[in-house]
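need the 3D shape of this:
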Amino acid sequence: MNSAQDPAKLSTNAEAGFDLRPLVAANMACTMAMMAFVSLIGPIARTLGLATWQAGAAVTVAGVIWMLLARPWGQASDRLGRRRVLLVGTAGFTLAYWVLCLFIDVALHLLPSATLAFVGLMLGRGLIGAFYAALPVGGAALIADNVAPEHRARTLASLGAANAVGLVLGPALAALLARYSLSLPFYAMAVLPALAFVVLLLTLKRQELHLKQPPRPVRLSDPRLRRPLLVAFVAMLGVSVAQITVGFFALDRLGMGPAQAAQTAGMALTLVGVALILSQMLVRKLQWPPLRMIRVGASVSALGFVACAFADSAALLGTCFFIAAAGMGWVFPAFSALAANAMDASEQGATAGSIGAAQGLGVVIGPLAGTLIYAADPRLPYLIVGALLLLVGLWPQPSPPSVQTGR
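Now for the predicted structure:
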């Protein structure tokens, strides 16, 4: 066999020259910008006279767009190359964020009708989500192109740790700047995706490996993707349920006032970011296969979610969220690696897009399902998420097909 066309050798050679740092920097910057909006939407909505459901819709629309466009972005990366898609994604994200930034600043000064403000927020946030969807898809496909299967989980964990850093720093920096003006955090954060674009443009090499094969479409019903798609959906469902219900839980179960409940929710979500960073750093040290990481991580996370249902203090709730997030830190890189390892080189872009679509579906369904179930019993969302995680964690591995021997 010609070694130039040997996928294993190509992957090994590419991994030796693969630089993950541009992807890490871009993901952290764009996640910080995304999470700053989420942390500020409450005060902005109140100032503009929006209802609570309108604020929630402005946040959720990005998940809807992510779900719809993840697969098209993945297919585009197969046709056009990962670098081009990442550059288009960050450039579009930058322009969309500046448009939203200017709209919010003008709206806070002119105080338009609630309907006009709602439409503007929906359009701006939706446009941001449309371009942001290219980043995780293009990054995951690029890693699958250049990193050997046994190392993909730990490489994806580095990317996940960067996102977790953005998850912590984005709201923290927004809260610090919001003391001066609600518009100031958006102007500050709008610089970050622009910097991400420049970093990718100047430092990200053309590192695709096409192996002389045309891109192949990937069906969502492909049996090779059944497990990673389900795990991706359940994981994002659990995260979004926790995010939407934690503040209400502090109010209703812990008997706190609004200000104290907001502080408790903020502390719990900060601990989530810290746990994700630490657990995904640990993933880099462990040489576990993706399926084992899913089993252990989902079980640990399930324990944390179930314990949340019985938390009776802010400290205990924060601890439970930390445990749940620590398990998730193992699950997230594992299902992406599991999907990539199951597919051929010509299917990696479409595969990453399919995983992104499953995550987007979890982001869309989670807030709605979480609030509806919460209305029945505040503990129920956490118990259900814990049960779902335990099911995907303990899902038995299919037996390998028997080898037929000729006689």
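
please name every helix or strand in contact with the helix or strand hosting Ala261.
According to DSSP states H and E, Ala261 maps onto helix 258-285. Here helix 258-285 touches helix 152-178, helix 226-252, helix 314-342, going by 3 or more Cβ pairs under 8 Å, 6 or more residues apart in numbering; DSSP states H and E. For the C-beta atoms, the positions are set from N, CA and C on the backbone; glycine is no exception.

try it again at 10 Å.
helix 21-48, helix 152-178, helix 226-252, helix 290-308, helix 314-342 (3 or more Cβ pairs under 10 Å, 6 or more residues apart in numbering; DSSP states H and E).

tabulate those (a markdown table), appending mean pLDDT and mean neighbour count.
Shown next, in a markdown table, are those (pLDDT from 0 to 100; neighbours: other Cβ atoms under 10 Å):
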| stretch | mean pLDDT | mean neighbour count |
| --- | --- | --- |
| helix 21-48 | 82 | 21 |
| helix 152-178 | 78 | 22 |
| helix 226-252 | 85 | 23 |
| helix 290-308 | 92 | 23 |
| helix 314-342 | 87 | 25 |
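
and of these, who's closest to Gly139?
Gly139 lies closest to helix 21-48 among the helices and strands packed on helix 258-285, at 4.9 Å (Cβ to Cβ).

for that closest one, name the packing helices and strands.
Using 3+ Cβ pairs under 10 Å, 6+ apart: helix 21-48 touches helix 52-80, helix 82-110, helix 114-132, helix 134-146, helix 152-178, helix 184-203, helix 258-285.

out of those helices, nearest to Val231?
Judged by Cβ to Cβ, the one of the helices and strands packed on helix 21-48 that comes nearest to Val231 is helix 152-178, at 12.8 Å.

packing partners of that closest one?
If contacts are counted by 3+ Cβ pairs under 10 Å, 6+ apart, helix 152-178 sits against helix 7-16, helix 21-48, helix 134-146, helix 184-203, helix 258-285, helix 290-308, helix 314-342.

hmm, back to that, can I get the helices and strands packed on helix 21-48 in TSV with distance to Val385?
Shown next, in TSV, are the helices and strands packed on helix 21-48 (distance: least, Cβ to Cβ, whole Å):
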stretch	distance to Val385
helix 52-80	17
helix 82-110	30
helix 114-132	23
helix 134-146	22
helix 152-178	19
helix 184-203	30
helix 258-285	14
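
which one, of those helices, ends up nearest to Ala309?
helix 258-285 (13.9 Å).

how far away is Leu254 from Leu372?
As judged by Cβ to Cβ, to the nearest Å, Leu254 and Leu372 stand 21 Å apart.

can you check Ala190 too?
As defined by Cβ to Cβ, Ala190 lies at a distance of 35 Å from Leu372.

which one of the two has more residues nearby?
Legend: neighbour count by other Cβ atoms under 10 Å for Ala190 and Leu372, higher for Ala190 (20 against 11).

and the more buried one, what does it touch?
Counting by Cβ atoms under 10 Å, 6 or more residues apart in numbering, Ala190 touches Ala33, Ala36, Thr94, Leu95, Ala96, Tyr97, Trp98, Val99, Leu100, Cys101, Leu102.

how far away is the residue lying closest to Gly329 once chain neighbours are set aside from Leu40?
Closest residue to Gly329 apart from its sequence neighbours, by Cβ to Cβ, 6 or more residues apart in numbering: Ser279 at 2.9 Å. Distance, Ser279 to Leu40, by Cβ to Cβ: 27 Å.

pretty sure Val296 is in contact with Trp330, am I right?
Yes. Using Cβ atoms under 10 Å, Val296 is in contact with Trp330, at 6.3 Å.

give me the common contacts of the two.
Going by Cβ under 10 Å, 6+ apart, residues that sit against Val296 and also against Trp330 are Leu286, Trp288.

buried residues of stretch 276-291, list them for me.
Neighbour-count burial for stretch 276-291 flags Leu276, Ile277, Ser279, Gln280, Met281, Val283, Trp288, Pro289, Pro290, Leu291 (criterion: 16 or more other Cβ atoms under 10 Å).

which one among those gets closest to Gln359?
Nearest to Gln359 among the buried residues of stretch 276-291: Leu276, at 14.8 Å, using Cβ to Cβ.

doesn't Ala235 make contact with that closest one?
No. Using Cβ under 10 Å, Leu276 is not in contact with Ala235; the gap is 11.7 Å.
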